[in-house]
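# Provided below are the primary sequence and the corresponding predicted coordinates.
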Amino acid sequence: MTYNIITKKFNLADSSKEKILDKVRKLDKFFDDDSNECKIIVSEIRDDIAVEITFKYKGFLIRAEDQNHDMLTAVDNCLAAIDRQIRKNKTKLSKRLRDSGFDDYIALEGQPEKVEEETEFKIIKRKSFSAKPMMVEEAILQMNMLGHTFFIFTNPDTMSPNIVYKRKDGNYALIEMDE
């Protein structure tokens with residue numbers, strides 16, 4: 001597992017980095033491959049410290065973030081959330097997805113932000129991504145692991161873009177594009 005600690009508007013001592021890594025390495029029991037990556041972002045927002053932890057595992061992203069006055073408490077909260085996500089989705093992933101399904105999927109990857117000229121509508125951020133075909137169940141699992149409320153993917157049967165989203169009542173909905 002490769003660990004990257006990134007700080008934004010914040011200086012982090014080496015001893016604090018080691019404490020964070022010691023805590024994060026406790027989740028290594030879930031990951032069996034050394035080619036995986038963990039990115040830890042620590043930043044200061046007003047009077048709080050924000051911690052975002054993202055694991056990239058076989059093409060899937062597992063992510064959590066938290067803000068707290070104490071950095072280690074924020075790290076603990078993130079790790080608890082990731083632990084819950086992994087345990088909650090572990091059986092679903094093993095039942096519904098084939099092992100190679102992880103390898104075939106390219107996760108959403110944020111591209112560097114592009115500045116757009118001033119227009120009638122102000123675009124503050126632009127992302128582009130490519131997604132390989134996946135089943136609806138895979139898209140819902142990926143959406144839940146990212147903590148998002150919607151997810152865009154390609155339907156392997158029709159090869160058209162689809163959107164799955166979580167409704168306010170807790171159920172899921174699917175939007176299919178017509179050709």
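Alright, I've got the coordinates.
# Below-threshold pLDDT in the protein: ranges please.
Residue ranges of the chain with pLDDT under 70: 32-35, 91-120, 179.
# one more time with 50, if that's ok
97-119 (pLDDT under 50).
# Domain ranges for the chain, per the record?
2-96, 102-176 (automatic domain parsing).
# can you pull out the strands in the chain?
All strands of the chain, identified by DSSP state E, fall at 2-8, 37-45, 48-57, 60-68, 150-154, 161-166, 172-176.
# Buried residues in the third one, which are they?
Of all the residues in strand 48-57, those buried under the rule 16 or more other CB atoms under 10 Å are 49-57. For glycine as for every other residue, the C-beta is placed from the backbone atoms N, C-alpha and C.
# do the second one as well
Applying a neighbour-count criterion of 16+ other CB under 10 Å, the buried positions in strand 37-45 are 38-42.
# ditto for the last one
Neighbour counts over strand 172-176 (16+ other CB under 10 Å) mark Tyr172 as buried.
# hey, C-alpha coordinates of stretch 61-75 in CSV?
These are the backbone C-alpha positions of stretch 61-75, laid out as CSV (Å, rounded to 0.1, in the frame of the first residue of the first chain):
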residue,chain,number,x,y,z
LEU,A,61,-12.5,4.4,-4.5
ILE,A,62,-13.4,4.3,-0.8
ARG,A,63,-13.5,7.7,0.8
ALA,A,64,-14.4,9.5,4.0
GLU,A,65,-13.9,13.0,5.3
ASP,A,66,-14.4,14.7,8.7
GLN,A,67,-13.8,18.1,10.4
ASN,A,68,-12.8,18.5,14.0
HIS,A,69,-10.8,20.7,16.3
ASP,A,70,-8.5,17.7,17.0
MET,A,71,-6.8,16.2,14.0
LEU,A,72,-6.5,12.6,15.4
THR,A,73,-10.2,12.6,16.2
ALA,A,74,-11.0,13.6,12.6
VAL,A,75,-8.7,10.7,11.4
